[in-house]
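Visitor: Quick one: sequence plus predicted model below, questions after.
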Amino acid sequence: MSNLEVWDGTISQKDFYVAARTLVERWKQVNPSLPQWTWIPSKSTLMGSSCKEEGYLSLENMFHIDRNEECLIVDSFSEREETDDVATLVHSTSNETHIYDFHIVYSFSYKVPVLYFHGYQSDGQPLSMDEIENDLPPSSSKILRESKWTYMTLGEHPYVRRPWYTLHPCATSDWMKLLLGGTSMKDLDISSYLLSWLSVVGQAIGLRIPLELQQRSVKHPSASCFIINN
Amino acid sequence: MAAESPTSERKGEKRKAEVVVHLRATGDAPILKQAKFKIAGSDKFLKVIEFLRRQLHRDTLFVYVNSAFSPSPDELVIDLYNNFGFDGKLVVNYACSMAWG
């Protein structure tokens, strides 16, 4: 590979493994109190050969709490006849906890990472696409609706072998090229690929990525508060 | 807007009333005539994004900082500057939406 070659924004499966390890370590440094990214090695590889570095990243049991306020209007009558009926508002809150799992899987066809995710209620009932979209902050909904670089769809998770929601990866190499492609091939720091990638993907699905994660050397490690929905 | 505050306890960080932002066009994005401006450190990055949208008359932009990530609109400009600024300014790159690959 010559130094003059222009990078196309894609990575190899081995690069993905290196980048995954960086994400796991950095996330642990920056967010030690949150659920952690774990590398799940695949038992049998997709390409038919044995490779211990093949697998995917998993972040599970992310809690999203939706606070609903229900207003019950109750008519109450004053004791004195001449006064008007008084309507009182009674607020009751119902907390619905949704739980999300996020997986980052390497796509052999696009040669980039792909996000797979799903949500479910505390009783295990899966969330529909509408319910998931409802959980998203407005900025994320806007990205998914309007941007040309990603959209949410259902796809078969290549390892779990069930339909999960996914962000389509067809434009990933284009924007990764913008993010990391300023340097020549020899200076390219592939290990930080997923940190950069996650800063973009996180915004599309309402996953708050702390700023400290982007520092290539940690200056002030801190337990940042993780907010899925603002 | 924000008054000058005493130096932060954290080493090397200062609270600034204003941050100089330098907007850099990348890809095929149009270059702004006025590419440098000042913004209050206490403002959110959203303000920079919205400024770009207005100037370029485009709603979908890809906005990122040179250290290779796209900041969340909720990030404070002062935090971005303190961590990723250099030469007294914060460089913000922007590109227009890419076509489908």
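Guide: Done, it's in.
Visitor: Near residue 20, how many residues? Count them for me, please.
Guide: Using chain A. 24 (other CB atoms under 10 Å in any protein chain shown). For the C-beta atoms, the positions are set from N, CA and C on the backbone; glycine is no exception.
Visitor: meant chain B, my bad for not saying
Guide: B:Val20: 16 surrounding residues under other CB under 10 Å.
Visitor: Which strands border the one helix or strand it maps to, and is each parallel or antiparallel?
Guide: B:Val20 belongs to strand B:18-25 when assigned by DSSP states H and E. Strand B:18-25 has the following strand partners under DSSP bridges: strand B:36-40 (antiparallel), strand B:90-96 (parallel).
Visitor: What residues does A:Ser199 make contact with?
Guide: The contact partners of A:Ser199, taken as CB atoms under 8 Å, 6 or more residues apart in numbering or on different chains, are A:Ile209, A:Leu213, A:Gln214, B:Tyr64, B:Phe69, B:Ser70, B:Pro71, B:Ser72.
Visitor: helices and strands of the chain: which one bottoms out on pLDDT?
Guide: Defaulting to chain A. The helix or strand of chain A with the lowest confidence, counting by mean pLDDT, DSSP states H and E, is strand A:55-76 at a mean of 68.
Visitor: wrong chain, I was asking about chain B
Guide: strand B:61-65 (a mean of 90).
Visitor: Now do that strand and strand B:18-25, the angle between them.
Guide: 120 degrees (axes from the mean of the first three to the mean of the last three CA atoms, to 10 degrees).
Visitor: Please determine whether strand B:61-65 lies in contact with chain A.
Guide: Yes: contact of strand B:61-65 with chain A (CB under 8 Å from any CB of the partner chain) involves B:Phe62, B:Tyr64.
Visitor: Going by neighbour count, which residues of the strand holding B:Val20 are buried?
Guide: Under the neighbour-count criterion of 16 or more other CB atoms under 10 Å in any protein chain shown, strand B:18-25 has B:Glu18, B:Val19, B:Val20, B:Val21, B:His22, B:Leu23 buried.
Visitor: Stretch B:59-74 now?
Guide: For stretch B:59-74, by 16+ other CB under 10 Å, it's B:61-73.
Visitor: how about it as PDB, C-alpha atoms only?
Guide: Output of stretch B:59-74 as PDB, limited to C-alpha atoms (Å, rounded to 0.1, in the frame of the first residue of the first chain):
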ATOM      1  CA  ASP B  59     -30.600  21.900   6.600                       C
ATOM      2  CA  THR B  60     -28.500  18.800   6.400                       C
ATOM      3  CA  LEU B  61     -24.800  19.300   7.000                       C
ATOM      4  CA  PHE B  62     -22.100  17.100   8.200                       C
ATOM      5  CA  VAL B  63     -20.200  19.100  10.900                       C
ATOM      6  CA  TYR B  64     -17.100  17.800  12.600                       C
ATOM      7  CA  VAL B  65     -14.100  18.900  14.600                       C
ATOM      8  CA  ASN B  66     -10.600  18.400  13.300                       C
ATOM      9  CA  SER B  67      -9.800  15.800  15.900                       C
ATOM     10  CA  ALA B  68     -12.000  13.500  13.900                       C
ATOM     11  CA  PHE B  69     -15.400  13.400  15.500                       C
ATOM     12  CA  SER B  70     -18.800  15.100  15.200                       C
ATOM     13  CA  PRO B  71     -19.800  17.000  18.400                       C
ATOM     14  CA  SER B  72     -23.200  16.600  19.900                       C
ATOM     15  CA  PRO B  73     -25.200  19.800  19.500                       C
ATOM     16  CA  ASP B  74     -25.500  19.800  23.300                       C
END
